[in-house]
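Student: After the sequence you'll find the predicted model.
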Amino acid sequence: MKALLTKLLSPLLLAAGFGLATDATAAPRPPNIVIILADDLGYGDLGCYGHPSIRTPNLDRMAAEGMRFTDFYSAAEVCTPSRAALLTGRYPIRSGMCHDRYRVLRRQAAGGLPASEITIAQALKTRGYATACLGKWHLGNYMNDPAHNPRRHGFDYYFGLPHSNDMNPTPAAPPGATRRLDQRAEWWAAPLFRNEELIECPADQTTLTRRYTEEAVKFIHEHKRGPFFLYLAHTFPHVPLFASGQFRRTSRRGLYGDVVEEVDWSVGRVRAALQKEGLAKNTLVFFTSDNGPWLIQGEAGGSAGPLREGKGSTWEGGMREPGIAWWPGRVQAGVVNHELACTMDLFTTALKLAGAEVPQDRVIDGVDMTPLLFGTGPDQREVFFYYRGTRLYAVRKGPFKAHYLTQSAYGPDRPVPHDPPLLFDLPHDPSERFDVATNYPDVLADLAREVERHRATVSPVRSQLEDVVKEAAP
């Protein structure tokens, strides 16, 4: 009997052995990349960044199990240019996705992300990645021109809104409705798309966070056998604020807290899906926000914590954001990283991890973050430039930040030039209160040289902007 069993099982064991050998000699599978982007979330809006009343247990746990950045930046202070920078790894002035007067693409805008730009999704598809964009796009209104649909920029699948959720007011919406804390669903006709098909208008905004999350979990399940890139760009906490029945009136911070806590729930569901499918140890998840909090919205806006100003400004509160990286077994747990990094770096990092070629025919401003994430080397980013529209307002190198122009986020005032520039030592003074310019003339001179080197790489963009951002006549 034993001999018979051995004879019968030998072919199976041999086949299994060949399978193991084949697996062992095969090239390792590239990691999955998941970027989760909040909209208008402030530096101080999460528990792990110090908020006293908004509960964010999933993001807090993600930070505890991974790496939390204290000096992580969005490349712009408002929606459209910041998203362009994240997906292309380039300052938005290079792609034309900025404008002095209209720094955000409105629903009537005819322009969008140029076809010549290379997105993370397009680059990763060259390495066999499945790609999905879920949530807010805001890089061109494909209702006006199908060329601006995410599926024309490297994404296999799309489910979401073309722009901000306040850009389709109905006739019933009174003036200033976005500043009201208690929103009414019938005031907003946000159009919800699946790929190129309009499936709901007005979208029920109380369901958006849940539905984005369900789509994300489904995408992870359907593509668990191959590498994938998931870009989950939440609609919230941009105003008007909406939370589902499960979360409404549950936060001590009111409706804004309800909305943030539901986004936190979504992050937990995505991570749970990765763990359930056995993908967590081969997936980088990164969470951040497109810009700072919309402070003029009062209680409907968030908090920049100790930082000055918010959305729309180049003060720290407008562009320094939460940044949390999670990859069990690769990103060391419990690390608080104080090095300089930004959203553009996600482009280069994703391509490096996937083994994709970083474009050589254009300036790429993102740097590889893997030495920071894996603790294998020093920070690759030395300098960061703060733009508002097409104008460079400030520069940071190391601990020091120089302001050449300052302006409040939203108001009638014009840019105020500074000669000599204002200079702040950010680790000592994150609120930017104490100008130390007179103490460090050598630092100012060094920063001026960095600015001149950078400007030499920036081509004139006025004519390009006229082609890219075309506003409809009023």
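Tutor: Here it is on my side, so go on.

Student: so what's P359 up against?
Tutor: For P359, the contacting residues are I118, A123, by C-beta atoms under 8 Å, 6 or more residues apart in numbering. C-beta coordinates here come from the backbone N, C-alpha and C atoms, glycine included.

Student: Quick check: pLDDT value at it.
Tutor: Per-residue pLDDT puts P359 at 97.

Student: Can you give me the distance of it to D365?
Tutor: Separation of P359 from D365 (C-beta to C-beta, to the nearest Å): 12 Å.

Student: what do those two both touch?
Tutor: The contact sets of P359 and D365 do not overlap (C-beta under 8 Å, 6+ apart).

Student: E77 contacts P293, correct?
Tutor: No. If you go by C-beta atoms under 8 Å, E77 and P293 don't touch, sitting 11.3 Å apart.

Student: tell me, what's touching the two both at once?
Tutor: Shared contacts of E77 and P293 (C-beta under 8 Å, 6+ apart): K311.

Student: Mark out where each domain of this protein begins and ends.
Tutor: The chain breaks down by automatic domain parsing into domains covering 32-173+184-381, 385-468.

Student: Helices of the stretch 301-450 of the chain, start to end?
Tutor: Using DSSP state H, counting those that start in this stretch, the helices found in the stretch 301-450 of the chain span residues 316-319, 344-354, 370-374, 441-455.

Student: in the protein, which strand has the most residues?
Tutor: Ranked by number of residues, the top strand in the chain under DSSP state E is strand 416-425.

Student: and that one with helix 441-455, angle?
Tutor: 120 degrees (axes from the mean of the first three to the mean of the last three C-alpha atoms, to 10 degrees).

Student: if we can go back for a sec, pick the most buried one from the domains of the chain.
Tutor: Of all these, domain 32-173+184-381 carries the top mean neighbour count, a mean of 21, counting by mean count of other C-beta atoms under 10 Å.

Student: how far out from the middle of the chain is that one?
Tutor: Per C-alpha atoms, centre = their mean, to the nearest Å, the displacement of domain 32-173+184-381 from the mean C-alpha position of its chain is 3 Å.

Student: what's the span of that domain, first residue to last?
Tutor: End-to-end span of domain 32-173+184-381 (C-alpha to C-alpha, to the nearest Å): 24 Å.

Student: least reliable of the domains of the chain going by mean pLDDT?
Tutor: Sorting the domains of the chain by mean pLDDT places domain 385-468 lowest, at a mean of 90.

Student: Do a quick rundown of the strands in the stretch 101-250 of the chain.
Tutor: With DSSP state E, counting those that start in this stretch, the ranges of strands along the stretch 101-250 of the chain come out as 130-136, 157-161, 192-194, 197-200, 228-233.

Student: A185: which of these is closest?
Tutor: With C-beta to C-beta, the closest approach to A185 among these belongs to strand 197-200: 12.3 Å.

Student: Mind giving me the packing neighbours of the closest one?
Tutor: When contacts are defined as 3 or more C-beta pairs under 8 Å, 6 or more residues apart in numbering; DSSP states H and E, strand 197-200 packs onto strand 192-194.

Student: List the contacts of the strand it packs on.
Tutor: Y142, Y158, F159, G160, L161, P162, L198, I199, E200, C201, A203, L208.

Student: what's near enough to touch the closest residue to M344 other than its chain neighbours?
Tutor: Spatial nearest neighbour of M344, excluding adjacent residues (C-beta to C-beta, 6 or more residues apart in numbering): G366 at 3.8 Å. Applying C-beta under 8 Å, 6+ apart to G366 gives the contacts G89, R90, C342, M344, D345, L346, F347, T348, T349.

Student: got the CA positions of stretch 331-345 in CSV?
Tutor: Output in CSV follows, covering the C-alpha atoms of stretch 331-345 (Å, rounded to 0.1, in the frame of the first residue of the first chain):
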residue,chain,number,x,y,z
VAL,A,331,8.1,50.8,6.3
GLN,A,332,9.4,50.7,9.9
ALA,A,333,6.6,51.0,12.5
GLY,A,334,6.2,53.9,14.8
VAL,A,335,8.5,56.3,13.0
VAL,A,336,8.0,60.1,13.2
ASN,A,337,9.9,61.5,10.2
HIS,A,338,11.0,65.2,10.3
GLU,A,339,12.6,65.2,6.9
LEU,A,340,11.3,67.4,4.0
ALA,A,341,9.0,65.6,1.5
CYS,A,342,6.1,66.4,-0.8
THR,A,343,3.3,65.0,-2.9
MET,A,344,5.4,65.2,-6.1
ASP,A,345,7.8,62.7,-4.5
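
Student: V458 reaches S95, doesn't it?
Tutor: No. Using C-beta under 8 Å as the test, V458 is too far from S95 to be in contact (11.5 Å).

Student: Let me see the contact set for D264.
Tutor: Neighbouring residues of D264 by C-beta under 8 Å, 6+ apart: L46, R55, T56, P57, N58, L59.

Student: typed the wrong thing, it's I324
Tutor: Per C-beta under 8 Å, 6+ apart, neighbours of I324: C48, L59, M62, A63, G66, M67, R68, F69, F286, F287, T288.

Student: The first one and R55 touch, don't they?
Tutor: It refers to C48. No. The criterion here is C-beta under 8 Å, and C48 misses it with R55 at 11.1 Å.

Student: And the closest residue to D413 other than its chain neighbours, its phi and psi?
Tutor: Excluding the flanking residues, the one nearest D413 by C-beta to C-beta, 6+ apart is Q407, at 6.3 Å. Dihedral pair for Q407: phi -160, psi 140, per degrees, to the nearest 10.

Student: What separation do you get for Q407 and A85?
Tutor: For Q407, the distance to A85 (C-beta to C-beta) stands at 20 Å.

Student: again, but for V263
Tutor: In this view, V263 and A85 are 21 Å apart by C-beta to C-beta.

Student: quick one on the thing from earlier: could you redo the strands of the stretch 101-250 of the chain as a markdown table and give each row distance to D446?
Tutor: Below are the strands of the stretch 101-250 of the chain laid out as a markdown table (distance: least, C-beta to C-beta, whole Å):
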| stretch | distance to D446 |
| --- | --- |
| strand 130-136 | 38 |
| strand 157-161 | 43 |
| strand 192-194 | 48 |
| strand 197-200 | 53 |
| strand 228-233 | 36 |
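
Student: Helices along the stretch 1-150 of the chain, start to end?
Tutor: Ranges of helices within the stretch 1-150 of the chain are 2-25, 57-65, 79-88, 92-95, 120-125, based on DSSP H, counting those that start in this stretch.

Student: Relative to P328, how far out is P174?
Tutor: Relative to P328, P174 is positioned 49 Å away (C-beta to C-beta).

Student: So A84 sits against Y91, correct?
Tutor: No. With contact defined as C-beta under 8 Å, A84 does not reach Y91; the gap is 9.2 Å.

Student: which ones are touching C342?
Tutor: Listed by C-beta under 8 Å, 6+ apart, the contact set of C342 reads F72, Y73, S74, A75, G366, R381, F384.

Student: Try it again at 10 Å.
Tutor: For C342, the residues meeting the contact criterion (C-beta atoms under 10 Å, 6 or more residues apart in numbering) are 69, 71-75, 85-86, 89, 91, 288, 319-321, 323, 365-367, 369, 381, 384-385.
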